[in-house]
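Chemist: Here's a sequence, model it:
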Amino acid sequence: MKPITRTEFNLLREILSERFGIELKEEKRALVESRLGKVLQARGMDSLSEYLEVVLQDTSGELERELAEKLTTNHTYFLREEEHFHFFSNTVLPWLSGTVRDRDLRIWSAGCSSGEEAYTLAMVMADFFNYSWGEWNTKLLATDISTAILEKATTAIYPEESLEKMPNRWKKLYFNRLNNGTVQVGERIRDELIFRHLNLNEPRFPFKRKFHVIFCRNVMIYFNMQMKQELIRKFYQWTEPGGYLFIGHSESLGRNTMGYQYIKPSIYRKEP
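Modeler: Purely as a prediction, here's the structure:
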C-alpha cells in the first residue's frame, strides 16, 4: 500500500464524518495505514484512493460498513464499568418493577459490540426478578453497526478467561463450558437478546415504543460534536419519562443536556 496522501486522508475523514458521524483525528493516520493496508492487499489494490472510489460507488452500503468496522475498536468484556450494573440492579430495576404496569421492560444496548454488555444486563435482570422472571417481558435490544461483530455476539461464545470478573454463581448458572477453552452463554440468557444492525447516524430510529433504559457506552468517543448532540437528541426522544441513559466513564454530556438530568458520572435520567 502506498503511503496515504493528505488528500486521501481528508477524503476518508469526510466519508466517515458524513456517513457515520465518526471523527478521524490526524494522529490516527498510522492506524489507518495499518488496518486498511490489509484490506487493500486482500482486494489487490495499492492506494487508498482506489479503495475509496470503490466504496463511494457501492450502493449496497456494505463497503461503507466495512470501512467503519476497520477503523473503530470493538473492545469490551463482561462487567465492564461494573458500577453501572450495580446501579442498574439496585436503583433502576426496583423503580421499574414498581412503575411498569404492563411488565414490559424495554432496554437497549446501543453499540453492543460482541454482546458482553447486553448479556450481562440479561443476567442482572434474571437475578433481580428471580422466580418471577417469566412474568416479565425482559427481552433486550442490542444493536451495532458491524454485521461481523453482531454475528460473533449471536454465537455468544467467548474465551474462558473473559469470565474473570464474573461471580462464580453466574459462571455456573449462565454459562456452558465448551471443549476448546471457550464458554457459551446459556440458551436461557441468549433467548433474552434481539440483535439488530443499526447505524446510530441514521436520521430516524425504526422503533415503535420508547425505552426505559439505554446503554450507549464508549461509543460516542468516536463521534464529532454534531453527531454527539444529534445522537443525544434522538436518545432523549426515545427515552420514556423517568428513563435512564448510561454512557462510558470517559464520556460526558454535561450536567443538563437535552433535558437529561445528571444523576452521577456517566448516568443520566429523563425527568419523570
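Chemist: Which residue ranges of the protein form helices?
Modeler: 6-20, 29-42, 48-57, 62-70, 83-87, 93-99, 116-129, 147-155, 168-174, 187-190, 225-237 (DSSP state H).
Chemist: Out of those helices, which gets nearest to residue 110?
Modeler: When the helices of the chain are compared by CB to CB, helix 225-237 sits nearest residue 110, at 7.9 Å. (Each C-beta comes from the backbone N, C-alpha and C, glycine too.)
Chemist: Quick one: the helices of the chain as TSV, columns for mean pLDDT and distance to residue 109 too.
Modeler: Listed next are the helices of the chain as TSV, based on pLDDT from 0 to 100; distance: least, CB to CB, whole Å:
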stretch	mean pLDDT	distance to residue 109
helix 6-20	88	19
helix 29-42	84	25
helix 48-57	90	28
helix 62-70	82	18
helix 83-87	97	12
helix 93-99	97	15
helix 116-129	96	4
helix 147-155	93	10
helix 168-174	95	17
helix 187-190	96	13
helix 225-237	92	13
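Chemist: Deepest in the core, which of those helices is it.
Modeler: The highest mean neighbour count among the helices of the chain, using mean count of other CB atoms under 10 Å, belongs to helix 116-129: a mean of 23.
Chemist: residues contacting residue 89?
Modeler: Taking CB atoms under 8 Å, 6 or more residues apart in numbering, we find residue 89 in contact with 124, 127-128.
Chemist: for the protein, longest strand please?
Modeler: In the chain, assigned by DSSP state E, the strand with the most residues is strand 239-247.
Chemist: what lines up beside that one in the sheet?
Modeler: Each strand paired with strand 239-247, and its direction, by DSSP bridges: strand 211-216 (parallel), strand 267-270 (antiparallel).
Chemist: ok, residues contacting the longest one?
Modeler: Where contact means CB under 8 Å, 6+ apart, the residues beyond strand 211-216 that reach it are 84, 88, 92, 96, 100, 105-111, 117, 121, 141, 200, 231, 235, 238-240, 242-247.
Chemist: Of those residues, grab the buried ones for ChimeraX.
Modeler: Applying 16 or more other CB atoms under 10 Å to the contacts of strand 211-216, the buried members can be selected in ChimeraX as follows:
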select :84,88,92,96,105,106,107,108,109,110,111,117,121,141,200,231,235,238,239,240,243,244,245,246,247
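Chemist: if we can go back for a sec, out of the contacts of residue 89, which is nearest to residue 148?
Modeler: Once CB to CB is applied, the member of those that ends up nearest residue 148 is residue 124, at 26.8 Å.
Chemist: quick one on the thing from earlier: can you redo the contacts of residue 89 as JSON lines with distance to residue 187?
Modeler: Formatted as JSON lines, those follow (distance: CB to CB, whole Å):
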{"residue": "124", "distance to residue 187": "18"}
{"residue": "127", "distance to residue 187": "17"}
{"residue": "128", "distance to residue 187": "20"}
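Chemist: residues in contact with stretch 56-64?
Modeler: Outside stretch 56-64, the residues touching it (CB under 8 Å, 6+ apart) are 15, 19-20, 54-55.
Chemist: What distance do you get for residue 239 to residue 87?
Modeler: 16 Å (CB to CB, to the nearest Å).
Chemist: Correction: the previous question concerned residue 159.
Modeler: Counting by CB to CB, the gap from residue 159 to residue 87 is 27 Å.
Chemist: what's the answer for residue 66, then?
Modeler: Per CB to CB, residue 66 is found 36 Å from residue 87.
Chemist: Before I go, just wanted to say thanks for your time.
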